[in-house]
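**Q** Take this sequence and fold it.
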Amino acid sequence: MLLTLSISPMQLFGQLLIGLINGSFYALLSLGLAVIFGMLNVVNFAHGAFYMVGAFTAYFLLHYAGANYWWALILSPLIVGGLGALSERLFIRRIAMLDPLYGLLLTFGMALVIEGLFQNEFGSSGKPYPTPALLSGGYLLPFMYLPKYRAWVIVCSFVVCMATWFAIEKTRLGAYLRAATENPTLVRAFGINVPLMITATYGFGVALAALAGVLAAPIYQVRPGMGADTIAVVFAVVVIGGMGSILGSILTGFALGVIEGLTKVVYPEASNTVVFVIMAIVLIIRPSGLFGRAT
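**A** Residues are numbered from 1 along each chain as shown. Alright, predicted model coming up:
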């Protein structure tokens, strides 16, 4: 059966923009997952819940502390990252030497508890979060209308992702982090507090999820189920890019967002499954992922 496409350039570029926006969130969230798994060997199933908590924290800061969007963009990742570091010290550290399956089960339970508490308190409907005045409106380009806030989300996500990649791959701190995962005893011999480094790494990965939540709040509204709706696709992104691969998560996140957007143009019915079809194909051809290292 041949597909006949009747879509204007405006609609095509509009779907590409939506794909890039979704890809921005996929990249940020999968980056946090990759950092946590690559450094701690923990499959953090609570990542989607922390993404949701980041959005709610921005909502609380606005309505109860009067903090605007820009303050929320700074404070929310710090607050949620601190909560993530606390959860690592209280819970995750206790199963650090066990099979990774225990970490998956623990974080999955944490996600259910967090999402259940928020849903019980706020229900399942979304709460609006206003777009900052500085980023309201948009630009009328020859081929599409570009909202300022959407463009900001794409640029901000890309800059944060690349800065994180540079910090981990090209700096001395990143070298210490990578060394701590390979030989923590040797790293301790150089006077480095490895447990503190592990806690900070988990908190940083969670803070990336909270940052994505703040960026998503004006677009998708703030609701308890926003993390559960996204986490399955984000895990697929991490698997396709390669578990623990920082650059793989970033590139795959943006690429799959665009592919998902184009699929909505060509064959809308497949847009919800195309990511998982790609994951299955990649795992058959290259089980370690596109950028992962074979073990």
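**Q** quick one: low-confidence parts of the stretch 1-150 of the chain?
**A** Applying pLDDT under 70 to the stretch 1-150 of the chain flags residues 1-8.
**Q** State which helix of this protein is the longest.
**A** Across the chain, the longest stretch assigned as helix under DSSP state H is helix 9-40.
**Q** For it, list every residue counted as buried.
**A** Buried residues in helix 9-40, counted by 16 or more other C-beta atoms under 10 Å: 12-40. For glycine as for every other residue, the C-beta is placed from the backbone atoms N, C-alpha and C.
**Q** Name the helix or strand for the closest residue to residue 207 other than its chain neighbours, please.
**A** Once flanking residues are discounted, residue 207 sits nearest to residue 81: 3.2 Å by C-beta to C-beta, 6 or more residues apart in numbering. Secondary structure from DSSP states H and E places residue 81 in helix 69-90.
**Q** what does that helix contact?
**A** Contacts with helix 69-90, where a contact means C-beta atoms under 8 Å, 6 or more residues apart in numbering, come from 46, 50, 53-54, 57-58, 61-62, 67, 110, 130-132, 198-200, 202-211, 213-215, 218.
**Q** Count the residues that sit near residue 173.
**A** For residue 173, the count of nearby residues is 12 (other C-beta atoms under 10 Å).
**Q** Can you give me every residue that contacts it?
**A** Residue 173 neighbours (C-beta under 8 Å, 6+ apart): residue 167.
**Q** any idea how far it is from residue 197?
**A** Per C-beta to C-beta, to the nearest Å, residue 173 is found 9 Å from residue 197.
**Q** try residue 223
**A** Applying C-beta to C-beta to residue 223 and residue 197 gives a distance of 35 Å.
**Q** got it, and residue 15?
**A** The gap separating residue 15 from residue 197 is 42 Å, by C-beta to C-beta.
**Q** again, but for residue 93
**A** Distance from residue 93 to residue 197, by C-beta to C-beta: 12 Å.
**Q** ok, those two, which is more surrounded?
**A** Higher neighbour count among residue 93 and residue 197: residue 197, with 18 against 15, using other C-beta under 10 Å.
**Q** That one: what secondary structure?
**A** Taking DSSP: H, G, I helix; E, B strand; the rest coil as the rule, one finds residue 197 in the helix state.
**Q** Assess the claim that it and residue 176 are in contact.
**A** Yes. At 6.9 Å, residue 197 counts as touching residue 176 under the criterion of C-beta atoms under 8 Å.
**Q** count of residues packed around residue 225?
**A** Neighbour number of residue 225 under other C-beta under 10 Å is 15.
**Q** before we move on, what about residue 156?
**A** With neighbours defined by other C-beta under 10 Å, the count for residue 156 comes to 17.
**Q** so it is in which element?
**A** Using DSSP H and E, the element containing residue 156 is helix 148-170.
**Q** cool, and residue 239?
**A** With DSSP H and E as the criterion, residue 239 is inside helix 226-241.
**Q** Please compute how far that helix lies from its chain's middle.
**A** Centroid separation between helix 226-241 and its chain, computed with C-alpha atoms, centre = their mean, to the nearest Å, is 8 Å.
**Q** The next helix or strand after that helix - contacts with which helices or strands?
**A** Using DSSP H and E, the helix or strand that follows helix 226-241 towards the C-terminus is helix 246-266. Applying 3 or more C-beta pairs under 8 Å, 6 or more residues apart in numbering; DSSP states H and E, one finds that helix 246-266 makes contact with helix 9-40, helix 148-170, helix 226-241, helix 274-285.
**Q** Turn those into CSV, including distance to residue 187.
**A** Below are the helices and strands packed on helix 246-266 laid out as CSV (distance: least, C-beta to C-beta, whole Å):
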stretch, distance to residue 187
helix 9-40, 12
helix 148-170, 15
helix 226-241, 25
helix 274-285, 33
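**Q** Can you tell me which of the ones you listed is nearest to residue 262?
**A** Of all the helices and strands packed on helix 246-266, helix 9-40 sits nearest to residue 262, with 6.6 Å by C-beta to C-beta.
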